[in-house]
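[1] Return a 3D structure for these sequence lines:
(chains A and B)
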Amino acid sequence: MMTTSQSDHLVLSDVSVTFNGFHAVEGLNFKVGQGELRCIIGPNGAGKTTALDMICGKIKPTSGKITFEGKTLNNLEEHEIARAGIGRKFQVPSVFSELTVRDNLEVSYSKSTGVFSNALIFGRSADRDGLEKLAEFVGLEDYLDTPAEYLSHGHTQWLEISLLLAQDPELILMDEPTAGMTVHETGQTVELFNRLKGKHTLIVVEHDMGFVKEIGEVISVMHQGKLLAEGTVSDIEQNPEVREVYLGSRGIARA
Amino acid sequence: MSKRTTLQIATYGIVCLAILLVPSFMDDAFILNKYARYLVLGILALALSLSWGYAGILNLGQAASFGLGSYCMAMALKLRTVPVHTGKTGLPDFMVWNNVETLPWFWEPFYSLTFAIFAGVAVPVAFAMLLGSFIFRGRVTGVYVAIITLAALVVVNLLIIDQQRYSGGFNGITDLAQLELFGLTFDAYSSSSYYLIAISLTVCLFFALAVTKSKAGLILQAIRDHEERVRYFGYDVARFKTFAFAVSAGIAGVAGMLYTIVMEFASPTFLDVQLSLSVVIWCAVGGRQSLLGAALGAIIVTGMQGALSESEIFLESWTLIMGFVFVMIVLFLPKGLAGAIESLVDRIIPEDHAVQVKSRAAASRRGVENEAGSP
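    Numbers count the residues shown, from 1 in each chain, chains lettered A, B, ... in the order given. You can find the predicted model right below:
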C-alpha cells in the first residue's frame, strides 16, 4: 500500500458505522489530498456509498473522525457540510424533476444560503450567463426551459453533474456518475473529469473499470467496510489480495 | 422578466381591479358584506396555497392562525365599545358575567389599535415559527405534518373555549365597535369595509406572488420536489419551511382580522376543524399551485355554497351538489381550475409548448439511444 497524498484535505480516521449490529464500514482510514482525483472501487456491499454518505452527512459515523480542511464534520448537519465545500452526486440521479433545467441550476447556484437574503433575490441570478454556459458545457442548452422530468436518463445524469458545477464545491463526491450512460457519454464524462482534476478534489465511486483506468490516478479498493488496498491502476491490478476478493481469478482487465 | 411572469402579473392585476370595481355596480349593503366575506376567505386560501402549493406543507391547522388574528382584532374592538357595553369599570361584558374583577394583563395592550393590528399578524407568525421549528427541525414530513397541525388547531380551539373568563368561551367576543382607521369608519355593511378587504386581498396576493417569484420561492419549490437534495446544496431546509409556514400564518392572521371586521364578532368557530378543512378544499378546487387560483377557488366555492343554500330549490340538496362538484374536480382537474386554465394558455402561447414538445421528442429519442448503447 502506498500513500500519495501529501496534504490532508479530507481525512477519515478510524471511521465506523453500524446499522443494527451490521458493520457497514469498520475502522476506515482514508486520506485525500487537495486537487486529487480518487477512485473508490470494491465489490457490492463493500461500504463505498456508505463512506460517501458519511462524508456528506447523510449518515452519522458511529465512531471515528472525519475532517475536511481541518474542520471536524462528525456533528455537522448536511447543509453545514455542504456550506463547508462538499458537494455530492447521488447514485440515482437526484434533480428537481418538476423544475426546469434553468431553475435547477438556479437552485444549485448556492453562494448565498440564507432565507431572507434569498427572499430578496428576484429574477435571474447575477451569474445568469455563467449558468447558461454551464448548461452549454454539459450539452443541455436546448433544454433550459424543459422540466427535468422530461430529460432522458443520460441527460439527467449530466444535469446533476452540472448542478454540482454550479454549486462549485471544493470537494465533489460522485457516486457512479456514468451509470446508464452511453459509451459516447462516458467518454465525455472522462473528458470532464480530467478538466476538473486539480481545480476540485474529486472522489469517484465507480464500477466501470474502463472509466476508472481512464481517469484514475490513485485507486482505493474497499472490501467489507475496510480499505483493502490503495495505489495506481497497475498496483491494484497486480495486488493478489484485490484479485482474490474483488476480481476473482479473471483479473482486473476483464472486470 | 419572462413572458409568463408578465402575463401572470397582468392577470393578477386585472382580477384585483375587477374585484375593486364591484361596489361601483352594486350598492346593496347586504350583498357587499357577503362578497367581502368571500374575499376574506380568498385571502385565507391563498395563504394555504403558499405553504401547501409552493412549499409542500399541508397545514390542516390554517384556521388557528386565522382565529388568532380574528381574536386580536376582536379584543381591540371590544375595548372600544361604548361604556354601556363594557360593564361598570370599562370591563368587557362577558368578563363581568364571569365575575372577572380587573382587565387581565394580556388585554391591556389591546387598548391600542396599532398594537392589535401588529399582534394580529405577529401572534400567528410567532405561533407558526414555534410549531414550525419543532416540526421541521424534527424532519417531520408528509401526512404527519397534517396530523400535527390539525392537533395544534384543536388545542388552540379548546384553549379558547375553555378560557371563557378571558375569551368569551363558546360565545366568542361579540358586540364590537366599528373599526376606525385613518379617520375612516369601517362599517361591516358598507363599501368602505369592502374596499378595505379588496385592497388587503390585492396586497396579500402580490406580496405572496413576490415571495414565490423570489429565489427563496424557487428554493421552496425545490424543497417540495426533493427535500433531501436541497440540503446538499447548503440550504437549511427547516429554516426555509418554517419561513413559508410563518408567512402563510401571517397572511391568514390578516384574513382573520378582516373577518372580525366583516362579521362583527369573533367566535371559536373561526378556528374549528371544519373551516380548516374547507380551506384545503377551496385550494384543491381553485388550484393549490396558483395563489390566485386558490383565492378564486375559495370565492367561487363559498359563493356557490351561499347561493345554493339560499335558493329554495336546492335547500335540501345543496351539500350533495357541492360534494359532486368537488369529486368531479379532484377526478378530472387534479391541478384545479387554475391548472386547467394554465394548460389552455400553454396551447395558446405556442413557443413554450413547442419547446416542450421538441424536448419530449428528444427525450424519448435519447431513451432509445441509451437502450441501444448499453451493453
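[2] Could you work out the end-to-end span of stretch B:328-342 for me?
    As for stretch B:328-342, its first-to-last residue distance stands at 19 Å under the measure CA to CA, to the nearest Å.
[3] how about it, does it get close to chain A?
    No: residues of stretch B:328-342 are not located near chain A by CB under 8 Å from any CB of the partner chain, the shortest gap being 11.8 Å. Every C-beta, even on glycine, is put in place using the N, C-alpha and C of the backbone.
[4] can you tell if the host helix or strand of A:L164 touches chain B?
    When elements are assigned from DSSP states H and E, A:L164 belongs to helix A:153-167. Yes: applying CB under 8 Å from any CB, one finds helix A:153-167 in contact with chain B at A:H153, A:G154, A:H155, A:L163, A:Q167.
[5] Buried subset of those as a PyMOL selection?
    Selecting the buried subset of the residues of helix A:153-167 next to chain B in PyMOL, with 16 or more other CB atoms under 10 Å in any protein chain shown as the burial test, is done by:
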select buried, chain A and resi 153+154+155+163+167
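[6] Columns distance to A:G45 and pLDDT on top of the residues of helix A:153-167 next to chain B, output as TSV?
    Rendered in TSV, the data for the residues of helix A:153-167 next to chain B read as follows (distance: CB to CB, whole Å; pLDDT from 0 to 100):
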residue	distance to A:G45	pLDDT
A:H153	24	84
A:G154	27	82
A:H155	30	86
A:L163	28	91
A:Q167	30	89
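[7] Can you report how many residues neighbour B:L159?
    Other residues lying near B:L159 total 11 when counted by other CB atoms under 10 Å in any protein chain shown.
[8] Would you mind measuring the gap between the ends of stretch B:98-118?
    The stretch stretch B:98-118 measures 28 Å between its terminal residues, going by CA to CA.
[9] Without its sequence neighbours, what residue ends up closest to residue 179?
    All of this is about chain A. Once its chain neighbours are removed from consideration, A:A179 has its nearest residue in A:Q91; the separation is 6.9 Å (CB to CB, 6 or more residues apart in numbering or on different chains).
[10] Switch to chain B, please.
    With CB to CB, 6+ apart as the measure, B:F186 is the residue that lies nearest to B:L179, at 4.3 Å, once sequence neighbours are left out.
[11] Get me the contact residues on the stretch 101-250 of chain B for chain A.
    Remark: the part of the stretch 101-250 of chain B in contact with chain A comprises B:210-211, B:213-219, B:221-222, B:224-226, B:228-237, B:239-240, B:243, using CB under 8 Å from any CB.
[12] could you redo the last one with a cut-off of 6 Å?
    B:214-216, B:218-219, B:222, B:225-226, B:229, B:231-236, B:239-240, B:243 (CB under 6 Å from any CB of the partner chain).
[13] In strands, which of the residues you listed appear?
    Taking DSSP state E, every one of these sits outside strands.
[14] For ChimeraX, write the selection for the buried entries among those residues.
    Buried residues within these, by 16+ other CB under 10 Å, are selected in ChimeraX with:
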select /B:214,215,216,218,219,222,225,226,229,231,232,233,234,235,236,239,240,243
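[15] before we move on, back to that, and for the helix holding A:L164, what are the contacting residues?
    A:87, A:89, A:93, A:95, A:105, A:108-110, A:134, A:138, A:172, A:180-181, A:185, B:233, B:370 (CB atoms under 6 Å, 6 or more residues apart in numbering or on different chains).
[16] what two of these are the furthest from one another?
    In the contacts of helix A:153-167, two members sit farther apart than any others by CB to CB. They are A:S110 and B:N370, at 29.9 Å.
[17] Comparing the two, which residue is more hemmed in?
    Higher neighbour count among A:S110 and B:N370: A:S110, with 24 against 17, using other CB under 10 Å.
[18] residues touching the more buried one, list them.
    With contacts defined as CB under 6 Å, 6+ apart, A:S110 is in contact with A:Q167, B:F233, B:G234.
[19] can we see that at 10 Å?
    Contacts here follow CB atoms under 10 Å, 6 or more residues apart in numbering or on different chains; on that basis A:S110 touches A:79, A:82-83, A:87, A:118, A:163, A:166-169, B:215, B:219, B:230, B:232-235.
[20] One more: A:E214?
    Applying CB under 10 Å, 6+ apart to A:E214 gives the contacts A:T186, A:G187, A:T189, A:V190, A:E191, A:F193, A:N194, A:D208, A:V233.
[21] Filter the residues you listed down to the buried ones.
    Using 16+ other CB under 10 Å, the buried members of these are A:T186, A:T189, A:V190, A:F193, A:D208, A:V233.
[22] Surely the fifth one is in contact with A:T186?
    If I follow you right, that is A:D208. Yes: under the criterion of CB atoms under 10 Å, A:D208 makes contact with A:T186 at 7.0 Å.
[23] Which members of the buried ones among the contacts of A:E214 additionally contact chain B?
    A:T186 (CB under 10 Å from any CB of the partner chain).
[24] can you redo the buried ones among the contacts of A:E214 as CSV with secondary structure and pLDDT?
    Putting these into CSV (DSSP: H, G, I helix; E, B strand; the rest coil; pLDDT from 0 to 100) gives the following:
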residue, secondary structure, pLDDT
A:T186, helix, 83
A:T189, helix, 83
A:V190, helix, 84
A:F193, helix, 84
A:D208, coil, 74
A:V233, helix, 83
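[25] of the buried ones among the contacts of A:E214, closest to chain B?
    For these, the closest approach to chain B (CB to the nearest CB) belongs to A:T186, at 9.3 Å.
[26] all strands of the stretch 101-250 of chain A, in order?
    Using DSSP state E, counting those that start in this stretch, the strands found in the stretch 101-250 of chain A span residues A:171-175, A:201-205, A:218-223, A:226-231.
[27] what do you get for chain B?
    Using DSSP E, strands in chain B cover B:179-181, B:184-186.
[28] quick one, which of the ones you listed is nearest to A:G216?
    When the strands of chain B are ranked by proximity to A:G216, the top entry is strand B:179-181, at 71.7 Å, counting by CB to CB.
[29] so what's A:G57 up against?
    The contact partners of A:G57, taken as CB under 10 Å, 6+ apart, are A:66, A:73-82, A:84, A:86, A:88, B:231-232.
[30] what's the answer for B:G172, then?
    When the contact criterion is CB under 10 Å, 6+ apart, the partners of B:G172 are B:67, B:70-71, B:74, B:94, B:160-161, B:260, B:263, B:265-270.
[31] where does the stretch 251-375 of chain B dip in pLDDT?
    Residue ranges of the stretch 251-375 of chain B with pLDDT under 70: B:350-375.
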